[in-house]
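S.K.: Provided below for reference: sequence and predicted model.
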Amino acid sequence: MKTIGFLGVAHVHSPGFIKRVNERAAQFKVKAVWDSQLARAQIAAEQLSSTAVDDYHDILNDREIDAVIICSETSLHLELVEATAAVGKDVFVEKPLGMGADDAYAMQRAIDDAGILFQTGHFMRSMPVYRQLKAWIDGGTLGTITRIRHSNVHQGAIAAIFDPGRGPYADGWLWMTDPTLSGCGGFGDLGAHSLDILMWLMGDVVSVTAQVDRLLGKYDCDEYGEGMMRFANGAIGSLAAGWVDVLRPQAILVSGTDGVAYVDDGALYVQSAHLPGTDGGAWTDLPDALPHAFDLFLDAINGEDVPLISAKEAADRSAVMEAFYQAAATNSWVQPNTA
């Protein structure tokens, strides 16, 4: 049995991760929980049949603890990740890795130098439709990709899901609407997943522009936005993300010189010169889903050979997202400060 500690349970995805760990209680034990607010740590510790501590070094210095889960405010990631790497414990860090390029690449260096296992919460890679698109793009089934678009939206701001009274904590998830703690607003929060998929499918980004805005004005941050990017391979990409949409019917569209593929309401559609008989209809012969990114981390620390997201990939996404916000602020095109 592997022993885990939680460094922060502030993120809105924390309850889901707690549930996943509890479902695998035969394999994993959570010994201790820390959070910047002791009350949050106590609530999570009770759910995990664990102990709340008021000093995260108690977890890092505990030799029985093999790995840590970091779901703190994004502004604390650098301190927590560097301290974790210094003691050689494997680490899951909820997305985004950093507030921007500087702290994200500092974390990458600490992780890589320590030689520890790393994972972050970009779960979409495990979904069958994206695994199929990855195989088609890499295999040339759609020809040379000219355009690609991804959308990741929900009605979080409309439904006030971040407000006090929502979730297990007294102040809800309000910190996620404070860019000094989260590093972004609605565009960056949900756009992080879109950006991961786009870069996983298409590679490095060389320049970006964006517009972000507020509709409801409920929170002191952007609520939605649109970004555009040029990939190193010449393809043009676009990204839509935010908290003020009631539906997300079309998640992704990929257009190439030999075909087109898109996902509508969860189903994959394709037409390709390299797939005889395809005419834009549904494609149902999909690869199996992989486990959620968090479960893949648990599998990895349990000794299984599973695909993980590298610290470099996570840092690159933080750098590109920072560039999107810089572009929106200056109404210009910006080159990401990737290392």
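M.R.: On my side now, so go ahead. Numbers count the residues shown, from 1 in each chain.

S.K.: sketch out the helices for this structure, chain order is fine.
M.R.: Secondary structure of the chain by DSSP state H: the helices cover 14-23, 38-47, 57-60, 77-86, 101-114, 128-139, 179-182, 186-202, 293-301, 311-330.

S.K.: which one, of those, ends up nearest to Pro276?
M.R.: helix 128-139 (14.3 Å; CB to CB). Backbone N, C-alpha and C define where each C-beta goes, glycine included.

S.K.: what's that closest one packed up against?
M.R.: For helix 128-139, the elements it packs on are helix 186-202, strand 250-256, strand 259-264, strand 267-272, judged by 3 or more CB pairs under 8 Å, 6 or more residues apart in numbering; DSSP states H and E.

S.K.: which one of the ones you listed lies closest to Gly227?
M.R.: Nearest to Gly227, of all the helices and strands packed on helix 128-139, is helix 186-202, at 6.9 Å by CB to CB.

S.K.: by contact count, what packs against the closest one?
M.R.: Helix 186-202 packs on helix 128-139, strand 145-153, strand 205-213, strand 224-231, strand 236-242, helix 311-330, going by 3+ CB pairs under 8 Å, 6+ apart.

S.K.: only C-alpha atoms, please: export the third one in PDB.
M.R.: Below are the C-alpha coordinates for strand 205-213, written out as PDB (Å, rounded to 0.1, in the frame of the first residue of the first chain):
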ATOM      1  CA  VAL A 205       3.100  27.400 -30.200                       C
ATOM      2  CA  VAL A 206       5.200  30.300 -31.600                       C
ATOM      3  CA  SER A 207       2.800  33.300 -31.300                       C
ATOM      4  CA  VAL A 208      -0.600  34.000 -29.800                       C
ATOM      5  CA  THR A 209      -3.300  36.700 -29.600                       C
ATOM      6  CA  ALA A 210      -6.500  36.900 -27.600                       C
ATOM      7  CA  GLN A 211      -9.400  38.800 -26.300                       C
ATOM      8  CA  VAL A 212     -10.900  38.300 -22.800                       C
ATOM      9  CA  ASP A 213     -13.800  40.000 -21.200                       C
END
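
S.K.: what are the contacting residues of that strand?
M.R.: Strand 205-213 has contacts (CB atoms under 8 Å, 6 or more residues apart in numbering) with 185, 187, 199, 222-232, 237, 320, 323-325, 327-328, 332-336, 338.

S.K.: now stretch 41-54: buried residues?
M.R.: 41-45, 47-48, 50-53 (16 or more other CB atoms under 10 Å).

S.K.: to clarify, my last question referred to stretch 3-18.
M.R.: Here stretch 3-18 shows 3-12, 14-15, 17-18 as buried, counting by 16+ other CB under 10 Å.

S.K.: max pairwise distance over those: which two?
M.R.: Of all pairs in the buried residues of stretch 3-18, the most separated under CB to CB is Thr3 and Val12 at 25.4 Å.

S.K.: any idea which of the buried residues of stretch 41-54 is closest to Asp305?
M.R.: Using CB to CB, Leu48 comes nearest to Asp305 of the buried residues of stretch 41-54, at 27.3 Å.

S.K.: excluding its backbone neighbours, what's nearest the closest one?
M.R.: Distances taken as CB to CB, 6 or more residues apart in numbering place Val30 nearest to Leu48, at 4.3 Å, with adjacent residues excluded.

S.K.: count the neighbours of the one you found for me.
M.R.: 22 (other CB atoms under 10 Å).

S.K.: does it really touch Met1, like I thought?
M.R.: No - if you go by CB atoms under 8 Å, Val30 and Met1 don't touch, sitting 11.1 Å apart.

S.K.: if any of the contacts of strand 205-213 are buried, put those into a PyMOL selection.
M.R.: To isolate the buried members of the contacts of strand 205-213 in PyMOL, using 16+ other CB under 10 Å:
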select buried, resi 185+187+199+222+223+224+225+226+227+228+229+230+231+237+320+323+324+325+327+328+334+336+338
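
S.K.: ok, back up a step: which one of the helices of the chain lies nearest to Arg149?
M.R.: helix 186-202 (8.6 Å).

S.K.: CA atoms of the closest one as CSV?
M.R.: Extracted C-alpha coordinates of helix 186-202, given in CSV (Å, rounded to 0.1, in the frame of the first residue of the first chain):
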residue,chain,number,x,y,z
GLY,A,186,-12.5,31.9,-16.7
PHE,A,187,-10.5,31.9,-20.0
GLY,A,188,-7.4,30.5,-18.4
ASP,A,189,-9.2,28.1,-16.0
LEU,A,190,-11.1,26.2,-18.7
GLY,A,191,-8.8,27.2,-21.5
ALA,A,192,-5.9,25.3,-19.8
HIS,A,193,-7.5,22.0,-20.9
SER,A,194,-8.2,23.2,-24.4
LEU,A,195,-4.6,24.4,-24.7
ASP,A,196,-3.2,21.1,-23.5
ILE,A,197,-5.2,19.2,-26.1
LEU,A,198,-4.3,21.6,-28.9
MET,A,199,-0.6,21.5,-28.1
TRP,A,200,-0.7,17.7,-27.6
LEU,A,201,-2.2,17.3,-31.0
MET,A,202,-0.2,20.0,-32.8
